[in-house]
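dropping the sequence and predicted coords here.
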Amino acid sequence: MTKIQIALLVSLVILLFLYLRYFKSKLVNRLFFLVFFGLGIVFVINPDISQKVATFFGVGRGVDFVIYFLLVVFLFLFINIFYRLRNMDKTITDFIRSKAIEEAKKNEPGS
Amino acid sequence: MAGIFIIIPAYNETEVIASTIKPLIEKGYEVVVVDDGSAKSVETYLDKLPVHFLRHDINLGQGAALQTGMEYAKQFNPDYVVHFDADGQHNFSDIDHFISLLEEKKVDIILGSRFLKEESIQLVPKKRRSLLKIARVINYFFTGLMLTDAHNGFRVMKGSVLNKIRLTEKRMAHATEILKLIKKNKIKFAEGATEIRYTDYSLQKGQKAVDSVNILIDLIINRFVR
């Protein structure tokens, strides 16, 4: 095993562990990520597989394919997070606003 | 006295706000102060003046504070609604003047402009004048409206306009958003001459030139992401 393979494998395993521990969300979500990490581990242990997939897609090297794939995944994730943040932002604003309006006070003149 | 509601967003304002509000109270206006999550609640500096006081628990931005004030005022079915700064830069005597302008010009909103009268133009610091000239063009690009003053917080509108504008920009880009909404909802508007009195206090508190970049970025992002 080359050093890069060891390094990637270790980080993948750590990430997987952290993810499973801290993201107690839906089962589908977890399965998706298990598959993702699983694929990641597979590609790292056996770069030939990624090579085969790469040639199928007409890409030069297995690594290149993984990079392209990741680019798409990251872009998607980024957009996803961006929209989620915006929604959260809106929710917070609406909440702070309705509280402000509900708790509005009016001082009477001469008080 | 017709229901005239003055919306004043306030953030970390101190003694100055009381002197800004006093003449408004004396004229019989309803004053709505929206404290935008100031570290020390602005309420303590109000000197128990009879205002409507609202407070955001966290800082959301001037646009958000204005929207909160307007939503609150809507409950009272006001005849007129005014946007007014807390730091004493605006001139309260322009309020009555703008209200008569509304009737005179048969429009629904009067937007304050520093650039309609030579005296008020002279009051604007030179650096800011050039920045505002650029802002005017960018404004036209984003809103389709060519105004003489792209970024003036003093506005007087008929109460009915409250149903037509809803600010979603929380920070300073709201100034441009208002113009976009005016164009989109075909709200009749005109500019009115007003002057901004710059004091050391208000210049120090106010926006820096760098903030214009932030506003531009906000506008660009929202152009693509609405």
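Received, thanks. Note that the structure is a prediction, hence the values are computed from the model and not measured.

direction included, what does the one helix or strand B:F53 maps to pair up with?
Element membership for B:F53 (DSSP states H and E) is strand B:52-56. In the sheet, strand B:52-56 lines up against strand A:105-106 (antiparallel), strand B:30-36 (parallel) (DSSP bridges).

how near is the closest residue in space to B:R136 that isn't next to it in sequence to chain A?
Among residues not flanking B:R136 along the chain, B:A150 sits closest, at 4.6 Å (CB to CB, 6 or more residues apart in numbering or on different chains). Just so you know, the C-beta spots here come from the backbone N, C-alpha and C atoms, and that holds for glycine as well. Counting by CB to the nearest CB, to the nearest Å, the gap from B:A150 to chain A is 25 Å.

who are the neighbours in contact with B:A150?
B:132, B:135-136, B:138-139, B:175-176 (CB atoms under 8 Å, 6 or more residues apart in numbering or on different chains).

what residues does chain A have near chain B?
Proximity of chain A to chain B (CB under 8 Å from any CB of the partner chain) is limited to residues A:86, A:90, A:92-93, A:96-97, A:99-101, A:103-111.

quick one: which of those sit in helices?
A:86, A:90, A:92-93, A:96-97, A:99-101 (DSSP state H).

follow-up on the earlier one: weed out the non-buried ones from the residues of chain A next to chain B.
Neighbour counting with 16 or more other CB atoms under 10 Å in any protein chain shown marks A:93, A:96-97, A:100-101, A:104 as buried within the residues of chain A next to chain B.

reformat those residues as JSON lines; add pLDDT.
Below are these laid out as JSON lines (pLDDT from 0 to 100):
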{"residue": "A:T93", "pLDDT": "96"}
{"residue": "A:I96", "pLDDT": "97"}
{"residue": "A:R97", "pLDDT": "97"}
{"residue": "A:A100", "pLDDT": "97"}
{"residue": "A:I101", "pLDDT": "96"}
{"residue": "A:A104", "pLDDT": "95"}
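
after the helix ranked longest in chain B, which helix or strand is next?
Of all the segments of type helix in chain B, defined by DSSP H, the longest one is helix B:126-143. Heading C-terminal from helix B:126-143, the first helix or strand you meet, by DSSP H and E, is strand B:155-158.

whichever helix or strand comes after that next one and chain A in contact?
Using DSSP H and E, the helix or strand that follows strand B:155-158 towards the C-terminus is helix B:174-184. No: residues of helix B:174-184 contacting chain A under CB under 8 Å from any CB: none, with a closest distance of 12.4 Å.

who does the next helix or strand after helix B:174-184 pair up with?
Heading C-terminal from helix B:174-184, the first helix or strand you meet, by DSSP H and E, is strand B:189-193. The pairing partners recorded for strand B:189-193 under DSSP bridges are strand B:109-113 (parallel).

who touches the helix or strand just after the strand it pairs with?
For strand B:109-113, the following helix or strand on the C-terminal side (DSSP H and E) is helix B:118-123. Contact with helix B:118-123 is made by B:114-115, B:129, B:193-198, as judged by CB under 8 Å, 6+ apart.

check the ones in helices among the residues of chain A next to chain B and tell me the two furthest apart.
The span of those, defined through CB to CB, is set by A:R86 and A:I101 at 22.5 Å.

so what's the residue count around residue 76?
In the absence of a named chain, this looks at chain A. Using other CB atoms under 10 Å in any protein chain shown, A:F76 has 10 neighbouring residues.

oops, I was thinking of chain B
Applying other CB under 10 Å, we find 14 residues neighbouring B:F76.

re earlier: wait, which of the contacts of helix B:118-123 is closest to B:L162?
Of the contacts of helix B:118-123, the one sitting nearest to B:L162 (CB to CB) turns out to be B:T194, at 21.2 Å.

what bridges to the closest residue to that closest one other than its chain neighbours?
The shortest distance from B:T194 to any non-neighbouring residue, by CB to CB, 6+ apart, is to B:G112 (4.0 Å). Beta bridges link B:G112 to B:G192 when assigned by DSSP bridges.

what sits against B:G112?
B:90, B:94, B:98, B:149, B:152-155, B:191-192, B:194.

which of those residues lies closest to B:L49?
Closest to B:L49, out of all of the contacts of B:G112 and judged by CB to CB, is B:H90, at 17.1 Å.

where does that closest one land in three-state SS?
The three-state label given to B:H90 by DSSP: H, G, I helix; E, B strand; the rest coil is coil.

neighbours of B:V137, how many?
When counting by other CB under 10 Å, one arrives at 11 neighbours for B:V137.

got it, and A:G40?
If you count neighbours by other CB under 10 Å, A:G40 ends up with 19.

follow-up on the earlier one: taking the contacts of B:G112, tell me the two that lie furthest apart.
B:H90 and B:E191 (15.0 Å).

what about these two, which has more around it?
More crowded of B:H90 and B:E191, by other CB under 10 Å: B:H90, with 25 against 19.

now, which of the ones in helices among the residues of chain A next to chain B sits nearest B:R55?
For these, the nearest to B:R55 is A:A100 (5.7 Å; CB to CB).

can you list contacts of the strand holding B:F53?
Residues from elsewhere that reach strand B:52-56, judged by CB under 8 Å, 6+ apart: A:96-97, A:100-101, A:103-107, B:30-37, B:41-43, B:46, B:64-65, B:68-69, B:72.
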